[in-house]
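Student: Mind looking at a prediction? Sequence and model below.
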Amino acid sequence: MRRVPISIAAWTLAICLVLGGQSAAAQNLADSYRSDANRLIEAALSDSAAYDRLTDLVDRFGHRHSGSVSLERALDWILEEMEADGLDNVHGEGVLVPHWVRGEESLDMIRPIARALPMLGLGGSIATPPGGIRAEVLVVGSFEELVDRSDEAKGRIVLFNVPFTTYGETVQYRSRGAIAASRAGAVASLIRSVTPYSQQTPHTGAMSYQNGVERIPHAAITVEDAEWIQRMSDRGERVEVHLQMNARTLPDVPSRNVVAEIIGSEFPDEVVVLGGHIDSWDVGQGAMDDGGGSVAAWEAVRLMKELGLRPRRTVRVVLWTNEENGTAGGLGYRDAHRDQLDDHILAMESDGGVFKPSGFGFTGSDEAFAIMQEIGSLLVPIESGVITRGGGGADIGPIMQEGVPGMGLSVDGTRYFWYHHTDSDTIDKLDPREVALCVATMAVMAYVVADMPERLPR
């Protein structure tokens, strides 16, 4: 394991400075847990254990798409490793997950020049007919432009060349593009990959169809090629391509959420749950999205066990399955634990990449938010103690809707969408110290909430 140096003197100085401006109540809470928080931080940053375990996971099993053999083998290995860590109640909780298979696929420009174009079919897309689809490309920059030019779309392949603004805005062309293009009479649809930065890297991700609208194939191309086709189209050149996709949607198959705990010493039925999603898309290694978040949460709980820190309440790590194309794991967890959700004290998720953390976004009551800010003061020395309003995640969303307070780990997102859902989501994109900082941040927050004398108010 690589050593990750840390200065305890720096922590102490920073804590004193931040607490000097806070209320007595905040200082009392921080004083009560400063020693344990520092132990967790020091242990997390003392080596690269989390990064090394993540490397082992992704190098052994690669991507872990729902329905794949690689996902289920990875889950078997994780369960064995959690048992070896000495965690309590290690088990899998079964759920049925979708099983979409990409198959062979290609995109070739025929006119004005011949060239193979990098592409990725979008998750859930149908296949092309045997022999593929050869058609002229119509380039549009928005749904509105497609409506205005719908008389040109019939029989063509529509390309949505939409530059990245925010993920929430731009991803609409991935999720709804095939519906809009089909309504206009297109035979297939393409999108400019949802990313602010590209090196000829296509990005996959989930898409959807709508009942009553004919289903057409839907795929992503690179930013560079989308811009190139746009320039040719603007010059009045006819762009013709041949799209071949052999994707299939097979019957749902069994999978599992992985669960392990440290059982609480006084209130074992009260639970703080933290985790990430262990599935990934069928490209790259899924190291950043979301193997890293899964392993960071796991390591946070393992460190509590290693240090002998058994909180009053149960701390439960859950590695959810099938977040990427269905959220069956999050929904299944809610259904399996519905009768216990009143005693779920807090749900925490990491699904933004394990880059340098800054704190958490929190969704809950005003009283609980104030407590979270107090706990956040313990993380100021490692610059990850900022607690903001509004946060959660796709996997904890279903139990948050039932009233469980939720929070999502906030990290430096500068590079996240560079690699998101691509062949480039590999372990080398992550830094051991940043992964360790995510572990420390999650461990301190989860432990203090689980151990406080009074449960977090709703």
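Tutor: Looks like it came in fine. Not measured: the values here are computed from a predicted model.
Student: Can you list the low-confidence ranges for the chain?
Tutor: 1-27 (pLDDT under 70).
Student: okay, which residue is most central for it?
Tutor: residue 351 (3.3 Å; C-alpha atoms, centre = their mean).
Student: ok, that residue to residue 445 distance?
Tutor: 16 Å (C-beta to C-beta, to the nearest Å). Any C-beta I mention is one placed from the backbone N, CA and C, and that applies to glycine too.
Student: all strands of the stretch 151-300 of the chain, in order?
Tutor: 157-160, 188-192, 218-221, 240-245, 248-262, 267-277 (DSSP state E, counting those that start in this stretch).
Student: could those strands be laid out in CSV, adding distance to residue 397?
Tutor: Formatted as CSV, the strands of the stretch 151-300 of the chain follow (distance: least, C-beta to C-beta, whole Å):
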stretch, distance to residue 397
strand 157-160, 27
strand 188-192, 25
strand 218-221, 25
strand 240-245, 31
strand 248-262, 15
strand 267-277, 12
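Student: Any idea which of these gets closest to residue 60?
Tutor: Smallest distance to residue 60 across these (C-beta to C-beta): 15.5 Å, for strand 248-262.
Student: so how far is the first residue of stretch 195-208 from its last?
Tutor: 19 Å (C-alpha to C-alpha, to the nearest Å).
Student: List the buried residues of that stretch.
Tutor: The neighbour-count check on stretch 195-208 (16 or more other C-beta atoms under 10 Å) flags 195, 196, 198, 201, 202, 203, 204, 205, 206, 207 as buried.
Student: what's the offset of that stretch from the middle of its chain?
Tutor: Computed by C-alpha atoms, centre = their mean, to the nearest Å, the chain-centroid distance of stretch 195-208 equals 15 Å.
Student: And the helices in the stretch 251-400 of the chain?
Tutor: Using DSSP state H, counting those that start in this stretch, the helices of the stretch 251-400 of the chain run over 292-306, 328-336, 366-376, 397-400.
Student: Contacts for the shortest one, please.
Tutor: Contacts made with helix 397-400 from outside it, assessed by C-beta atoms under 8 Å, 6 or more residues apart in numbering, are listed as 273, 327, 330-331, 333-334, 337, 341, 344, 347, 363, 392, 406.
Student: Alpha carbons only: can I get it in PDB?
Tutor: Extracted as PDB, the C-alpha positions of helix 397-400 are listed here (Å, rounded to 0.1, in the frame of the first residue of the first chain):
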ATOM      1  CA  GLY A 397     -33.800   8.400  -3.600                       C
ATOM      2  CA  PRO A 398     -36.600   5.800  -3.000                       C
ATOM      3  CA  ILE A 399     -36.100   5.800   0.800                       C
ATOM      4  CA  MET A 400     -35.700   9.500   0.900                       C
END
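Student: Tell me how far the residue of the chain most remote from its centre lies from residue 301.
Tutor: With distances taken as C-alpha atoms, centre = their mean, the residue sitting farthest from the centre of the chain turns out to be residue 236, at 41.0 Å. For residue 236, the distance to residue 301 equals 61 Å [C-beta to C-beta].
Student: Also residue 58?
Tutor: Taking C-beta to C-beta, one finds residue 58 at 20 Å from residue 301.
Student: cool, and residue 49?
Tutor: 13 Å.
Student: What of residue 206?
Tutor: 29 Å.
Student: what's the answer for residue 55, then?
Tutor: 19 Å.
Student: if we can go back for a sec, so residue 49 and residue 301 - more neighbours on which side?
Tutor: For residue 49 versus residue 301, neighbours defined as other C-beta atoms under 10 Å are more numerous around residue 301 (27 against 22).
Student: I figured the more buried one was touching residue 259, is that so?
Tutor: No: contact between residue 301 and residue 259 fails when scored by C-beta atoms under 8 Å: they sit 10.8 Å apart.
Student: list residues touching both of the two?
Tutor: Counting by C-beta under 8 Å, 6+ apart, the residues touching both residue 301 and residue 259 are 316, 317.
Student: can I assume residue 416 is in contact with residue 288?
Tutor: Yes: in this structure, residue 416 is within contact of residue 288 by C-beta under 8 Å, at 7.1 Å.
Student: Same drill for the two, tell me which one is more crowded.
Tutor: With neighbours defined as other C-beta under 10 Å, residue 416 and residue 288 compare such that residue 288 has more, 29 against 19.
Student: dump the residue contacts of the more buried one.
Tutor: Applying C-beta under 8 Å, 6+ apart to residue 288 gives the contacts 353, 354, 416, 419, 420, 425, 429, 430.
Student: and the gap between it and residue 42?
Tutor: From residue 288 to residue 42 the distance is 26 Å (C-beta to C-beta).
Student: got the angle for the host helix or strand of residue 52 vs helix 292-306?
Tutor: According to DSSP states H and E, residue 52 maps onto helix 49-61. Computed by axes from the mean of the first three to the mean of the last three C-alpha atoms, to 10 degrees, the angle separating helix 49-61 from helix 292-306 equals 130 degrees.
Student: list the buried ones in the very next helix or strand once past helix 49-61?
Tutor: Next along the chain after helix 49-61, taking DSSP H and E as the criterion, comes helix 69-84. By neighbour count on 16+ other C-beta under 10 Å, the buried set for helix 69-84 is 70, 71, 72, 74, 75, 78, 79, 81, 82.
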